[in-house]
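Asker: output the structure for:
(2 chains)
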Protein chains: 2
Amino acid sequence: MSEKAKKTEKTFVETRYYNSPEGSEFLLESGIILKDLKIAYETYGELNPDKDNAVLVCHALSGDAHAAGFKRGEKKPGWWDDMIGPGKAFDTDKFFVICSNVIGGCRGSSGPNSVNPATGKPYGLSFPLVSIRDMVRAQKQLMDFLGIQRLVAVSGGSMGGMQALQWSVEYPDMVASCIPIATTYKHSAQQIAFDEVGRQAIMADPAWNGGDYYEKNHPSSGLAVARMIGHITYMSDSSMENKFGRVLKKEKLGYEFATEFEVEGYLRYRGDSFVKRFDANSYLYITKAMDYFDMQKDRSLSFVFKNVKARFLVIAFSSDWLYPPYQSKEVVRALKMNGVDVTYCEISSDYGHDAFLLEFKEETKLIGHFIKNTYKKIRKAT
Amino acid sequence: MSEKAKKTEKTFVETRYYNSPEGSEFLLESGIILKDLKIAYETYGELNPDKDNAVLVCHALSGDAHAAGFKRGEKKPGWWDDMIGPGKAFDTDKFFVICSNVIGGCRGSSGPNSVNPATGKPYGLSFPLVSIRDMVRAQKQLMDFLGIQRLVAVSGGSMGGMQALQWSVEYPDMVASCIPIATTYKHSAQQIAFDEVGRQAIMADPAWNGGDYYEKNHPSSGLAVARMIGHITYMSDSSMENKFGRVLKKEKLGYEFATEFEVEGYLRYRGDSFVKRFDANSYLYITKAMDYFDMQKDRSLSFVFKNVKARFLVIAFSSDWLYPPYQSKEVVRALKMNGVDVTYCEISSDYGHDAFLLEFKEETKLIGHFIKNTYKKIRKAT
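Answerer: Numbers count the residues shown, from 1 in each chain, chains lettered A, B, ... in the order given. All right, here's what the predicted structure looks like:
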């Protein structure tokens, strides 16, 4: 097959499911036990016989296990398809790439829309709160199931980057390299604030009904508002100006509250399309997990990273005001204080926080080499 | 009376009301005619016999005519009491300071909660949309009524600054000096986006009921969410970090969706207290007026200011990301291209957009002298 044909050929993928052994108990950070842990996941590329070529990619708030390729019947590929595939940053010709839906999510892993075995009905708010560390510990079970003892790399943007950082300290022996992108080691007051307003918008929707709505109308209005708030924070002032400016959808101002500006139409569209694919309760659970995220607590940040064994490539974006570069730089500084091999790259971009999904060309250059070099080092050492 | 006693003595003020002459028609920018124009206003200090010592102060989105002093029975003074009074920036020992509630507002001026004389019921959404220019033209009627032919200064922060800028081009002969603070000459896509999400939060509240709720439950949940979004944009990342950080309201995490972080409690409190004093429909009308605000349109910005006769003091704040300093600088540049006497000051502050209400010491130094010098120039010229 020619290179061109290979590139345009669609790769079809399927989501698979891991179920924890019957009767097993998963102890959450809250102290609550979750039974019947289920994890939805996808894999791309082949695991080699040594099982030493695995890479874990972690998704952000609204992502899921479908990171790359196409599902039958769907027109759009996975959320990081630009980055995962043959010859791409996460090169499936060489690596076995795994992505799993976080627990607390709504796309196949245990979450508030899962059926509670004790009642036969969806958990709703009776699902226990989870943390980023819980998400990582669930992923660890999946790695054990797949027989993977060490990951060449753990990577992700935004909340995916939080998981990557948590992996590096939770299972230092399992992580050969860590690539946190556009992320932080702890949610700031402003980050908590934006999440809280999104949650309030959902909980203010009468259809939310205390989280018990699965057999009725879902709180679509509230979730749409939450998503709209999110979208503003994912873009930058200048990317919004370039994309929309003050362009009207109609010929002239209508002096009415209908959608008048392009930017209004975009937000409403993004809000409305999100509610079709995402569960409002999961939005509550996942934003809360991010707000709880604080690797530092009352310790020095360098202490937090004292046992890491991974090499690091930390990436931030110049116009990202939701997870500003200074937060990544603090991680880099703490790693350097521990003598960790760390490279920091601030990619100049106008796209704001969304850049981690859009600046794949720059990311590919940085990540592709980094992972291959990590793999060389692993092979050399063994 | 000693200086100290004078300073601690409460100044009591009353809101007054201007009604347009019976049968008069006020033509709005939309082409719609508003009858029975009503304007709530307050004044501080004394108008001198020459009527040449008047200063107009314009309020922001959630402000009103009560800019300074105390109303009987109220514990908190007006919204800019730090700036208006004897010896303050707007020195009432020398100047006659006026502040009026904008039309479209809900604090005494004509707005959606006013009674429509045609029906005997509140207008609701049948109130016509207004623009910043309409607000300014309504204020002009009030100035005519008060017999004021020229203002020593027009000033305001945020939307108040938009009105000040509009005054300078709408009535160039009436404005001796203009002090726009933390503002812009046109709303950007991001500014429109934040307003739109606030509007969507209100309109998503079933109690909003198409704007017809005055005899029923008001859309408090929606308005509270809108206000919370606003509050995040009024602060800076670093002011939120300094004020709240990750401090908990309780001893430890509760793993629940109740208010856990101080910042969550603050936002909920600000949201809940706002709904007691503000009308949701006015929030829609006033944010829309700001979104419509575009002095430039398809012209060069220097052309816009070609006829201004005012001196300018333009103030912006370093950490204001809602109305970033670059927007003020563009105004300054356009004024300079017209040879206008303009001073630009970027005050270094952590408070974000809220700085225009909080950095009164810095503002006082700048504004106090500027207005007095303007007045000297006026008196010298006549």
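
Asker: tell me what the helix or strand A:Gln141 falls within is packed against?
Answerer: Using DSSP states H and E, A:Gln141 sits in helix A:132-146. For helix A:132-146, the packing partners by 3 or more C-beta pairs under 8 Å, 6 or more residues apart in numbering or on different chains; DSSP states H and E come out as strand A:16-19, strand A:25-27, strand A:38-44, strand A:54-58, strand A:96-100, helix A:159-170, helix A:280-292. Where C-beta positions appear, they are placed from N, C-alpha and C, glycine not excepted.

Asker: pull out the buried positions in it.
Answerer: A:132-143, A:146 (16 or more other C-beta atoms under 10 Å in any protein chain shown).

Asker: what's that helix in contact with?
Answerer: With contacts defined as C-beta atoms under 8 Å, 6 or more residues apart in numbering or on different chains, helix A:132-146 is touched by A:18, A:20, A:26, A:28-29, A:37, A:39, A:41, A:47, A:51, A:54, A:56, A:58, A:98, A:100, A:102-104, A:109-110, A:149, A:151, A:159, A:162-163, A:166-167, A:170-171, A:174, A:289-290, A:292-293.

Asker: same for chain B: which of the residues you listed are within range?
Answerer: Restricting the contacts of helix A:132-146 to those adjacent to chain B (criterion: C-beta under 8 Å from any C-beta of the partner chain) gives A:Tyr292.

Asker: which of the contacts of helix A:132-146 count as buried?
Answerer: Buried by 16+ other C-beta under 10 Å: A:18, A:20, A:26, A:28-29, A:37, A:39, A:41, A:47, A:54, A:56, A:58, A:98, A:100, A:102-104, A:109-110, A:151, A:159, A:162-163, A:166-167, A:170-171, A:174, A:289-290, A:292-293, out of the contacts of helix A:132-146.

Asker: related to what we said a few turns ago, C-terminal to the helix holding A:Gln141, what's the next element?
Answerer: strand A:153-157.

Asker: quick one, what contacts the closest residue to A:Met295 other than its chain neighbours?
Answerer: Spatial nearest neighbour of A:Met295, chain neighbours left out: A:Tyr185 (4.6 Å); criterion: C-beta to C-beta, 6 or more residues apart in numbering or on different chains. Contact partners of A:Tyr185, counting by C-beta under 8 Å, 6+ apart, are A:Met162, A:Leu165, A:Asp294, A:Met295, A:Gln296, A:Leu301, A:Val304, A:Gln327, A:Glu330, A:Val331, A:Ala334.

Asker: return the distance of stretch A:126-140 from the chain's centre.
Answerer: With C-alpha atoms, centre = their mean, to the nearest Å as the basis, stretch A:126-140 stands 14 Å off its chain's centre.

Asker: apologies, that question was intended for stretch A:85-96.
Answerer: 19 Å.

Asker: list the buried ones in it?
Answerer: A:Gly85, A:Lys88, A:Ala89, A:Phe90, A:Asp91, A:Thr92, A:Lys94, A:Phe95, A:Phe96.

Asker: what's the first-to-last distance across that stretch?
Answerer: Using C-alpha to C-alpha, to the nearest Å, one end of stretch A:85-96 lies 10 Å from the other.

Asker: Throw the helices and strands packed on helix A:132-146 into a markdown table and include distance to B:Glu14 and mean pLDDT, thanks.
Answerer: As requested, those are exported to a markdown table (distance: least, C-beta to C-beta, whole Å; pLDDT from 0 to 100):
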| stretch | distance to B:Glu14 | mean pLDDT |
| --- | --- | --- |
| strand A:16-19 | 70 | 98 |
| strand A:25-27 | 64 | 97 |
| strand A:38-44 | 65 | 98 |
| strand A:54-58 | 61 | 98 |
| strand A:96-100 | 65 | 98 |
| helix A:159-170 | 54 | 98 |
| helix A:280-292 | 46 | 98 |
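
Asker: quick one, helices of the stretch 151-300 of chain A?
Answerer: Using DSSP state H, counting those that start in this stretch, the helices of the stretch 151-300 of chain A run over A:159-170, A:189-203, A:220-234, A:237-243, A:262-275, A:280-292.

Asker: show me what the second one is packed up against.
Answerer: In this structure, helix A:189-203 packs against helix A:220-234, helix A:280-292, helix B:220-234, helix B:237-243, helix B:262-275, with contacts taken as 3+ C-beta pairs under 8 Å, 6+ apart.
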